[in-house]
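J.: coordinates only, sequence not included:
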């Protein structure tokens, strides 16, 4: 599968959206919890911000919501092999972005992300929030046309409520290319650090199973088109905030 590009509503709005600082999105201090629906969403949608956070010496914890095992059906790898591969790619991508204090693999099946955290997940994330001084949360946008991104946003909203954290900032991935508008109360901002674009490109490249023909025994498996990859590598990141910066 190759994802086509289209100039969606958010991209049109982005032309006049205000520029945001790290502090506008992630708060003035403290750590950041990233709830990533799949391995690679963190690099595509949020790579420059994560690199900026790490460069400032602030902690990052990443919670991986699904196992990413639905992108290919490879007889050679099998589902378990693909899951292990994608998690290795995630760890390498985060290393290139400056690292993370902790990676929490929740492991829900790809395309079956839940809309609400379990009590054990809340407890696990609560320990990480306390241990690493997490003050803000970041996830993908509920308007993305992917069931895991939508469910993950609801999951994150309920987690933030349970942990008494501010509402999460949401970063669109595939919703950039649709006509879905921001939700009521959401404000679109742009973020860019040109000096970190090379680092972001390196992080995206770490997800070789998604960016290249690394898995040749599934010709119908997901491979991002070069144009789409260039878009995420070069275009400012977009964030939807619950309050204007």
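T.: Structure's in. What do you need? Here the structure is a predicted model, which is why all the values come from computation and not from measurement. Residues are numbered from 1 along each chain as shown.

J.: so how far is stretch 213-226 from its chain's centroid?
T.: 21 Å (C-alpha atoms, centre = their mean, to the nearest Å).

J.: that stretch: end-to-end distance?
T.: 12 Å (C-alpha to C-alpha, to the nearest Å).

J.: which parts of it are buried?
T.: 214, 215, 218, 221, 222, 223, 224 (16 or more other C-beta atoms under 10 Å). Where C-beta positions appear, they are placed from N, C-alpha and C, glycine not excepted.

J.: next, give me the two most distant ones among these.
T.: The two members of the buried residues of stretch 213-226 with the most space between them (C-beta to C-beta) are 218 and 224, at 14.7 Å.

J.: just send the buried residues of stretch 213-226 back as CSV, with secondary structure too.
T.: CSV is the format used below for those (DSSP: H, G, I helix; E, B strand; the rest coil):
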residue, secondary structure
214, coil
215, coil
218, coil
221, coil
222, coil
223, coil
224, coil
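
J.: mind putting those residues into CSV with distance to residue 128 and pLDDT?
T.: Below are the buried residues of stretch 213-226 laid out as CSV (distance: C-beta to C-beta, whole Å; pLDDT from 0 to 100):
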residue, distance to residue 128, pLDDT
214, 31, 93
215, 32, 93
218, 34, 90
221, 32, 92
222, 30, 92
223, 33, 92
224, 30, 93
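
J.: will you turn these into TSV that also has distance to residue 131?
T.: Output for the buried residues of stretch 213-226, formatted as TSV (distance: C-beta to C-beta, whole Å):
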residue	distance to residue 131
214	35
215	36
218	39
221	37
222	35
223	38
224	34
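
J.: quick check, nearest of those to residue 45?
T.: So of the buried residues of stretch 213-226, ranked by how close each gets to residue 45 (C-beta to C-beta), first place is residue 224, at 13.1 Å.

J.: the closest one against residue 209, yeah?
T.: No. Contact between residue 224 and residue 209 fails when scored by C-beta atoms under 8 Å: they sit 10.4 Å apart.

J.: any common contacting residues for the two?
T.: Here residue 224 and residue 209 have no joint contacts, going by C-beta atoms under 8 Å, 6 or more residues apart in numbering.

J.: before we move on, the earlier item: and the buried residues of stretch 213-226, which is closest to residue 55?
T.: Using C-beta to C-beta, the buried residues of stretch 213-226 come closest to residue 55 at residue 224, 26.2 Å.

J.: tell me the backbone dihedrals of residue 138, please.
T.: With angles defined as degrees, to the nearest 10, residue 138 sits at phi -130, psi 140.

J.: in the chain, which spans are strands?
T.: 31-36, 60-66, 102-108, 134-140, 169-171, 187-191, 237-241 (DSSP state E).

J.: buried residues, the shortest one. List them.
T.: Translated: strand 169-171. For strand 169-171, by 16+ other C-beta under 10 Å, it's 169, 170, 171.

J.: which residues does the second one bridge with?
T.: On DSSP bridges, the residues paired with residue 170 through beta bridges are residue 139, residue 240.

J.: how about the contacts made by it?
T.: Counted by C-beta under 8 Å, 6+ apart, residue 170 has contacts 138, 139, 140, 141, 142, 153, 186, 239, 240.

J.: which stretches of the protein have low pLDDT?
T.: Across the chain, the ranges flagged by pLDDT under 70 are 1-4, 243-245.

J.: circling back to that earlier point, of the buried residues of strand 169-171, which is the nearest to residue 196?
T.: residue 171 (15.3 Å).

J.: show me what contacts that closest one?
T.: 45, 46, 49, 138, 139, 140, 141, 237, 238, 239, 240.

J.: the fourth one reaches residue 35, doesn't it?
T.: Yes. Residue 138 lies in contact with residue 35 (C-beta under 8 Å); the separation is 7.3 Å.

J.: please enumerate the shared neighbours of those two.
T.: Joint contacts of residue 138 and residue 35 (C-beta under 8 Å, 6+ apart) are residue 168.
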